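Asker: just a sequence and a predicted model for now, questions to come.
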Amino acid sequence: MNFNLQKLSDCVQSAAALRRRRRLQPIEGKGGKIFPPTYPGPKKDDPAQHVFERRRIDGREVWCTLVDSVQSQANRLEEALLTAIRNESIQLPYVSVDFSGHDLDGLAEITSLDAPHRLFDAILRDSELAGKPFMKSDRGLALVRTKADNATAIFELSPTALLFGIWNSTGEGGGLGAKFPRCVTSELTAIEVPVDGYKDRDGEVAAISAGRRTGSRMDPLGILRKVEVFKSKEGWDVDQKKAGKDAKKVRPSEINHGNIAPSIANLGITCEYVEQTSVITLAGLRRLRFGGPSRDVPARAFLAALGLVALLEQDAQGYALRSRCDLVCDGVAPLELVQADGSSEHINLDLPAALDLYASCLSAAREAGFVLSKDPLVLQPQPKLVKIVEESRRLALAGEGGEASETAV
């Protein structure tokens, strides 16, 4: 099926979803070893581990491993769209916080496409528009009041927030503010993964990877473990008094010198293949309203086209997920249109065609009365936000900042 604006507009009114199931393989070929993400074990001192689960596939129960989560994929799809914007492949409204004038090396801007909580992230909330705190500006107040029965304010400011989900969980209204579930999901899972048995730990099954990761380091200086060194917050020295206040004796490895003994961990996997399952829920898009049928249909079609561009842009940019987890598509996988009765048909759509479809949807949305700027809404960080960034960097350079990652707000 050839896909155009009229067909997409019809689909968002009645069809269930757009989906794709794609197989990928390690970049070195089938059977190559990859390293999925690791997560803390259920107990405090447990080593890091991959996420295993058993799935029913083709009538068999097989071991599978999470390779890239829905949340991680959402971030990658947003990154793909941000790259497309900067390459001028698409026009898309978004919000940017401009740090360029504050002498923070390496930090130029944070956008609503890469801020963790999108439009309701603390970075945007602690910035200002025309000298007024963003959430107290006209645009910010409109966001706070937005509900699913009219999502125009979010749609015109940063449509990706509606596509990938957003919740004003910590701001105005005590968490009762705008909450929109994601309309695009994508996940990568390794299928048929060998495991070295599994443990039943506190009622939960914990698989043990059959893969192994080795680690070691030989010190070219030949510094031995028995050498006495002393370390404090101020630094280290072989003389305890010179090392600083409250200096304690430590091993050379604790100041990054000396050998690291060889070690083996149950990490890394092989698999039959990695499967990416991607869904744009058209039924979910129909829960979003924008002021009446004449506006609802073009807005929903725009969001669906944006989701298609995100998926195909990610294909073009590749699947280098992390160190030693580089994947390549295993053949062509067609997009499918899924009807409400479960029937489906293939869609003929490559990236150039998706970009043309998106441009048509953008024009139709503007003709319907939506104000969709080609330029971002630029905010300035409040002085207090700049100050905590500066202080964090100072503490980090001094080795006094503690962990960068704490409980999410």
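Answerer: That came through fine.

Asker: from now on I want contacts and neighbour counts done on CA atoms only, so please keep to that.
Answerer: Fine.

Asker: got the domain ranges for the protein?
Answerer: In terms of domains, the chain is parsed into 5-191+269-396, 213-265 (source: automatic domain parsing).

Asker: which positions in stretch 327-337 come out as buried?
Answerer: Leu327, Val328, Cys329, Asp330, Pro334, Leu335, Glu336, Leu337 (16 or more other C-alpha atoms under 10 Å).

Asker: one step back: and among the domains of the chain, the most buried is which?
Answerer: For these, the largest average neighbour count (mean count of other C-alpha atoms under 10 Å) is found in domain 5-191+269-396, namely a mean of 18.

Asker: and that one, how far out from the chain middle?
Answerer: Domain 5-191+269-396 has its C-alpha centroid displaced from the chain centroid by 8 Å (C-alpha atoms, centre = their mean, to the nearest Å).

Asker: circling back to that earlier point, and the domains of the chain, which one's lowest on average pLDDT?
Answerer: Lowest mean pLDDT of these: domain 213-265, a mean of 86.

Asker: how far does that one stretch from one end to the other?
Answerer: Taking C-alpha to C-alpha, to the nearest Å as the measure, domain 213-265 stretches 5 Å from start to finish.

Asker: offset the numbering so it begins at 779, please.
Answerer: Yep, numbering from 779; the last one is domain 991-1043 now.

Asker: coming back round to it: can you list the domains of the chain in a markdown table and add distance to Ala985?
Answerer: Listed next are the domains of the chain as a markdown table, based on distance: least, C-alpha to C-alpha, whole Å:
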| stretch | distance to Ala985 |
| --- | --- |
| domain 783-969+1047-1174 | 6 |
| domain 991-1043 | 14 |
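
Asker: check for me that Lys1165 belongs to a helix.
Answerer: Yes: judged by DSSP: H, G, I helix; E, B strand; the rest coil, Lys1165 forms part of a helix.

Asker: let me know the secondary structure of Glu1032.
Answerer: Glu1032 carries the three-state label helix when classified by three-state DSSP.

Asker: and it, how far from Lys808?
Answerer: In this view, Glu1032 and Lys808 are 40 Å apart by C-alpha to C-alpha.

Asker: OK, contacts around the closest residue to Gln1160 other than its chain neighbours?
Answerer: Closest residue to Gln1160 in three dimensions, ignoring its sequence neighbours and counting by C-alpha to C-alpha, 6 or more residues apart in numbering: Ser905, at 4.9 Å. Residues in contact with Ser905 (C-alpha atoms under 8 Å, 6 or more residues apart in numbering) are Val875, Pro911, Phe912, Leu1157, Gln1158, Pro1159, Gln1160, Leu1163.

Asker: phi and psi next, for the second one.
Answerer: By that I understand Pro911. Torsion angles at Pro911 (phi, psi; degrees, to the nearest 10) stand at phi -50, psi 130.

Asker: next one: the fifth one
Answerer: With angles defined as degrees, to the nearest 10, Gln1158 sits at phi -110, psi 140.

Asker: kindly state the beta-bridge partners for it.
Answerer: On the basis of DSSP bridges, Gln1158 is bridged to Glu906.

Asker: and it, what does it touch?
Answerer: Gln1158 neighbours (C-alpha under 8 Å, 6+ apart): Val875, Asp876, Phe877, Ser905, Glu906, Leu907.

Asker: ok, these vs Phe1008, which is closest?
Answerer: Phe877 (39.6 Å; C-alpha to C-alpha).

Asker: excluding its backbone neighbours, what's nearest that closest one?
Answerer: Going by C-alpha to C-alpha, 6+ apart, Phe877 has Ala886 as its nearest residue, at 4.9 Å.

Asker: do I have it right that that neighbour meets Pro1159?
Answerer: No: assessed by C-alpha atoms under 8 Å, Ala886 is found out of contact with Pro1159, at 11.3 Å.

Asker: now do the shared contacts for the two.
Answerer: Shared contacts of Ala886 and Pro1159, counting by C-alpha under 8 Å, 6+ apart, come down to Asp876, Phe877.

Asker: residue closest to the middle of this structure?
Answerer: Ranked by distance to the mean C-alpha position of the chain (C-alpha atoms, centre = their mean), the top residue is Asn853 at 2.2 Å.

Asker: quick one: name whatever helix or strand follows the longest helix belonging to the chain.
Answerer: Of all segments of type helix in the chain, defined using DSSP state H, the longest is helix 1071-1095. Next in sequence after helix 1071-1095, counting helices and strands by DSSP states H and E, comes strand 1097-1100.

Asker: output the contacting helices and strands for that next one.
Answerer: Counting contacts by 3 or more C-alpha pairs under 8 Å, 6 or more residues apart in numbering; DSSP states H and E, strand 1097-1100 is packed against strand 1103-1107.

Asker: walk me through which strands the strand it packs on pairs with, and which way each runs.
Answerer: Its sheet considered, strand 1103-1107 pairs with strand 795-804 (antiparallel), strand 1097-1100 (antiparallel) by DSSP bridges.

Asker: how about the residue nearest to Trp945 when sequence neighbours are not counted, phi and psi?
Answerer: Distance criterion C-alpha to C-alpha, 6+ apart; nearest residue to Trp945, sequence neighbours excluded, is Lys957 at 4.1 Å. For Lys957, the backbone dihedrals are phi -140, psi 120 (criterion: degrees, to the nearest 10).
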